[in-house]
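Q: build me a model:
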Amino acid sequence: MEAAEARVMIWEKLRKVARPDSRFSWDFAEFIADYEGSDECARRFAETDVYKSADVVFITPDNNLEHLRELLIRDGKTMIMTNYSISRGFFLLRPEWVPEGQEILASTLDGVQRFWQHRTLGQLAAEIERIPVLVSGASAITPSGIRFGKGHGYFDLEWAMFYTKGLVDVNSTVVAVGHDCQVVDVPVQVRPYDTAIDLIVTPTQIIETRNEFPKPEHGVMWYLLEDDMLGRIPPLQELWAEEFCK
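A: Got it, this is the predicted structure:
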């Protein structure tokens, strides 16, 4: 099954439980939806050894991860985030930067901007030795170990950039969080840059994937980027300068 087919199939089911976005309404091609039970996803994941042992977590700016971002702050974990489309690069949020009582505000996409600090990839590599856990929302997730987002490949690109700088490796745990209706055990076309996942978290269960696919180890595949990505994504420009402008 093509990824586009899987998304459409899932989005039809998701609309029954999803919450519309304040900016994109029901356009699931533009955002990862929140849904009934996303708070239970956060609670379940927080009970895992993967969560408890992580001191640093990369977490995407997806609507369904708001409760989890709040827990990360309350539990004293450092977060690395980006904005939609990575157009502003990466940001660091240490729990001590969030005043007591502001944890909920700092978990929202508008509120977090009051507390986070911008970091280049080079600065992250110098300040953060390694990212042990990466968490992303998804449009569709397979128990075989593949997630599909909105269709732009941003999470896969984030993995590639982190891998290039040595911030992640194949032993970093990749977690996909979604509603139960987003988990589909269907054969899908896997591309060389698809970032395989290790764990699926839904409101009702934690699933260890079958790990049928390896995590990418080749960094940014420049020839596969969308035409305008280099011009609008600062971390890509940083890596391009390091690789081709010496």
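
Q: what about the closest residue to Ala138 other than its chain neighbours, neighbour count?
A: Closest residue to Ala138 apart from its sequence neighbours, by C-beta to C-beta, 6 or more residues apart in numbering: Arg147 at 4.1 Å. C-beta here means a position set from N, CA and C on the backbone, and glycine is covered the same way. Arg147: 27 surrounding residues under other C-beta atoms under 10 Å.

Q: adjacent strands (with direction) for the strand or helix carrying Arg147?
A: If you go by DSSP states H and E, Arg147 is part of strand 146-148. Strands adjacent to strand 146-148 in the sheet, as given by DSSP bridges, are strand 140-142 (antiparallel).

Q: quick one: mean pLDDT for the strand it pairs with?
A: For strand 140-142, the mean pLDDT works out to 91.

Q: residues touching that strand, excluding its own?
A: 3, 6-7, 9-10, 147-148, 176, 178, 182-186, 188, 197, 200, 209 (C-beta atoms under 8 Å, 6 or more residues apart in numbering).

Q: if you set the cut-off to 10 Å instead, what comes out?
A: 1, 3, 5-11, 14, 146-149, 176-188, 190, 197, 200-202, 207, 209-210, 212-213 (C-beta atoms under 10 Å, 6 or more residues apart in numbering).

Q: poorly predicted segments of this protein, please.
A: Along the chain, segments meeting pLDDT under 70 span 1, 150-151.

Q: now with 80?
A: Along the chain, the model assigns pLDDT under 80 to residues 1-8, 22-24, 26-31, 149-152, 246.
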